[in-house]
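[1] Output the structure for:
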Amino acid sequence: MRALRALLVAVLVGVLPAACGEANAFPEDTTMARIRERGILTVGIKFDQPVFGYKDPASGRITGFDAEVARLVARDLTGSERNIRFVETVSSERENFIEQGVVDLVIATYSITETRAQRVTFSDPYYYAGQDLLVRVGDSTINGVTDLKGKTVCTARGSTSVERVRAMVPGIDLEVVDAYSICVPALVAGRVDAVSTDDTILLGLYAQHPDSLRLVGKPFGREPYGMGIKKQDTAFRDYLNGLIARWLCNGEWDRAYVATVGVSGTTSESAKPAPRPANC
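    Predicted coordinates for the structure are as follows:
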């Protein structure tokens, strides 16, 4: 009996863990395998965009939809959403941080464009936003993008918002800064007439100044957000695409939305990518 018990213990210790591990194993030399071995996922994210990526000054916790998406990736890769390190990544540094290996991936209201795709690889869209305008509450002269002629508009360096506004309003006076958090004090003080970027970002900025600012609410253009990773890392891209497809079907995407963007009362109808029937 002792010999039999010893044999059973040897089987349980020596075989079962390997079998369990094989079910979720990643091929060697993949980004996923390296992250799992390290035990920590490093994510580039915004720290100054409430609702999407925001560092709470009191607790230091990173909150928002992008943060929740990042935690879902960490949970799948490492077994816990706590195994994550967030690195502040402003718009103009996203490609650099990916190329230099500062982060494993960037989830930072990162619009998918052909220009950016020359330097990084994107996942499928996990969110759709529309560009809009934030103005002072008492300013009735700006009610759409066509009203920006002769106005000064603030936006962030490295964002798609710059080129879209410039193309739609030739000769517009643009003040381009490093972060949208710089634009808001300038708008409140009257140094600029409007802030323009994705409506999701503006919604968070408006929530901090509801008495002095107004969201115009007439989006122009549609922005697909993707996760950015190193160029030609197709294995990591395919893995992330699989996660996105799963979240869209199993309710994880909806739960992340309701807990962050949805708090403002907005609906996910235009923001949620269409799930693929084959994945649901």
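[2] In a strand, Gly44, correct?
    Yes. Using DSSP: H, G, I helix; E, B strand; the rest coil, the secondary structure at Gly44 is a strand.
[3] Skipping adjacent residues, who's closest to it in space?
    Thr89 (3.3 Å; C-beta to C-beta, 6 or more residues apart in numbering). (Glycine included, C-beta is placed from N, CA and C.)
[4] Please tell me I have it right and the one you found contacts Val103.
    Yes. Using C-beta atoms under 8 Å, Thr89 is in contact with Val103, at 6.8 Å.
[5] between those two, what contacts are shared?
    When C-beta atoms under 8 Å, 6 or more residues apart in numbering defines a contact, the residues bordering Thr89 and Val103 alike are 44, 97.
[6] how about the strands of this structure, start to end?
    For the chain, the strands defined by DSSP state E occupy 41-45, 48-49, 53-55, 62-63, 84-88, 105-106, 120-122, 127-136, 152-156, 173-177, 194-198, 213-215, 220-225, 228-230.
[7] Setting aside sequence neighbours, what's the nearest residue to Glu88?
    Spatial nearest neighbour of Glu88, chain neighbours left out: Phe47 (4.4 Å); criterion: C-beta to C-beta, 6+ apart.
[8] Please pull out the lowest mean pLDDT helix or strand from the protein.
    Ranked by mean pLDDT, DSSP states H and E, the weakest helix or strand in the chain is helix 16-23, scoring a mean of 37.
[9] Dump the strands of the chain into CSV; add distance to Val188 and mean pLDDT as well.
    What follows is the strands of the chain, written out as CSV (distance: least, C-beta to C-beta, whole Å; pLDDT from 0 to 100):
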stretch, distance to Val188, mean pLDDT
strand 41-45, 25, 98
strand 48-49, 15, 88
strand 53-55, 18, 95
strand 62-63, 23, 97
strand 84-88, 23, 98
strand 105-106, 29, 98
strand 120-122, 34, 98
strand 127-136, 7, 94
strand 152-156, 11, 94
strand 173-177, 14, 94
strand 194-198, 10, 93
strand 213-215, 7, 94
strand 220-225, 24, 89
strand 228-230, 32, 98
